[in-house]
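Chemist: Below are the sequence and a predicted model; questions follow.
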Amino acid sequence: MSCSQTPYPDLCFHFIKPNHNVPTTDVHQSYHITRFRNSAIRATLNQAMVAHHHLLSSMDLASFHDDDRVKSALIDCLELYEDSITELNRSVMNSMKANSIGHLTLLSASLANHQTCRDGFRDFGFSSHYLNNIIFPHQILSNFSKLISNSLAITKAAAVTATTSSTPGSQRLLAGSFPKWVSGDDRMLLRDTTEKRTDMVVAQDGSGNFRTISEAVAAAAEVRKGSERRFVIYVKGGIYRENVVIKKTLKNVMMIGDGMGETIVTAMKNVKDGSTTFRSATFGS
């Protein structure tokens with residue numbers, strides 16, 4: 001795999017060689033797929049940081065304009081790019097031990113963040129010209145999305161290489177249709193959704209610990225105090241009219257309901273009332 005085989009070879013040559021001190025011969029010829037993947041992801045991370053820097057500058061400029069729509073979209077983008085930086089950093093830090101599937105997941109999340117940022121402006125009727133020239137000049141958004149596309153292509157190639165060199169049958173499902181990486185405890189938990197295996201119960205009739213999911217999430221953050229142990233919240237059947245936000249600092253939380261059509265989360269936020277698509281999610285982070 002080399003730059004010439006990526007969706008955007010010119011951008012690959014431009015960002016990888018000068019930023020990562022990759023010898024010219026290595027850039028123009030195929031070399032170790034893992035090294036190539038890591039260099040591409042680092043280049044993508046650097047561009048995410050550039051976009052984040054410009055967002056901070058735009059926030060200063062937006063303070064002079066009395067347009068809450070611009071401010072809302074900018075705040076969303078700032079958070080989304082912070083998330084992308086975190087995700088890409090995780091990919092870089094785990095470059096030697098994480099498998100290609102893990103990298104693909106983090107890159108795909110970053111691409112979704114990028115698109116959600118753009119959607120926030122489009123939903124409010126701002127043109128692509130405004131977004132690409134006023135908020136993000138110098139092809140920042142275009143470069144970032146193309147670098148992610150390149151990184152995804154390279155990482156997929158790495159995944160194929162890893163699959164062909166792995167032991168046949170290593171990806172097969174265990175008995176009960178669970179992947180091999182699902183632990184025994186987790187398999188038991190997924191099979192048994194009764195209250196005895198949960199840490200908190202949400203019920204609108206007051207029979208649980210809380211009446212709303214948001215209250216349970218807030219309490220879980222206090223109870224856990226940095227613990228990374230699996231924390232299970234059982235939400236009994238009912239219609240919960242709320243926008244649930246789970247902060248990225250709250251890790252390894254699992255929600256279990258009573259099934260499709262039984263436990264329902266719904267809300268009314270939308271673009272017409274001034275909410276961006278990002279903020280209108282009934283379940284978000």
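Modeler: Perfect, I can see it now.

Chemist: residues contacting the residue nearest to Glu262 when sequence neighbours are not counted?
Modeler: In space, and not counting its chain neighbours, Glu262 is closest to Gly237: 4.0 Å by CB to CB, 6 or more residues apart in numbering. Every residue, glycine included, has its C-beta placed from N, CA and C. Applying CB atoms under 8 Å, 6 or more residues apart in numbering to Gly237 gives the contacts 257-259, 262-263.

Chemist: buried subset of those?
Modeler: With burial judged by 16 or more other CB atoms under 10 Å, the buried subset of the contacts of Gly237 is 257, 263.

Chemist: now stretch 254-262: mean pLDDT?
Modeler: Averaged across stretch 254-262, the pLDDT comes to 91.

Chemist: Also stretch 274-285?
Modeler: So the average pLDDT for stretch 274-285 ends up being 85.

Chemist: ok, residues contacting it?
Modeler: 68-69, 72-73, 76, 79-80, 116, 119-120, 123-124, 242-248, 265-267, 269-271.

Chemist: how long is it from one end to the other?
Modeler: 19 Å (CA to CA, to the nearest Å).

Chemist: Next, the buried residues of that stretch.
Modeler: Here stretch 274-285 shows 275-282 as buried, counting by 16+ other CB under 10 Å.

Chemist: Closest one of those residues to Arg35?
Modeler: Phe278 (35.3 Å; CB to CB).

Chemist: out of everything not next to it in sequence, what's closest to that closest one?
Modeler: Distances taken as CB to CB, 6+ apart put Asp76 closest to Phe278, at 4.5 Å, once the chain neighbours are dropped.

Chemist: Please apply the same query to Arg90.
Modeler: Leu106 (5.9 Å).

Chemist: can you map out the strands along the chain?
Modeler: 173-174, 178-179, 200-202, 231-235, 238-241, 244-245, 253-256, 263-266, 283-284 (DSSP state E).

Chemist: Which of those sits closest to Glu215?
Modeler: Per CB to CB, nearest to Glu215 of the strands of the chain: strand 200-202, 7.7 Å.

Chemist: for the closest one, packing partners?
Modeler: helix 213-224, strand 231-235 (3 or more CB pairs under 8 Å, 6 or more residues apart in numbering; DSSP states H and E).

Chemist: Tell me which of these approaches Met188 most closely.
Modeler: strand 231-235 (11.7 Å).

Chemist: Can I get that closest one in CSV, CA atoms only?
Modeler: The C-alpha trace of strand 231-235 is given here as CSV (Å, rounded to 0.1, in the frame of the first residue of the first chain):
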residue,chain,number,x,y,z
PHE,A,231,-22.2,-0.2,35.1
VAL,A,232,-25.7,-1.3,34.0
ILE,A,233,-28.8,0.8,34.1
TYR,A,234,-32.1,-1.0,33.5
VAL,A,235,-34.8,1.2,32.1
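
Chemist: Can you give me the neighbour number for the residue nearest to Arg90?
Modeler: The number of residues packed near Leu106 is 22, by other CB atoms under 10 Å.

Chemist: Check it and give its pLDDT.
Modeler: On the pLDDT scale, Leu106 gets 92.

Chemist: you'd agree it is up against Glu87?
Modeler: Yes. If you go by CB atoms under 8 Å, Leu106 and Glu87 touch, sitting 4.4 Å apart.

Chemist: what comes up buried for stretch 2-15?
Modeler: Using 16+ other CB under 10 Å as the test for burial, stretch 2-15 gives 2-3, 6, 8, 11-13, 15.
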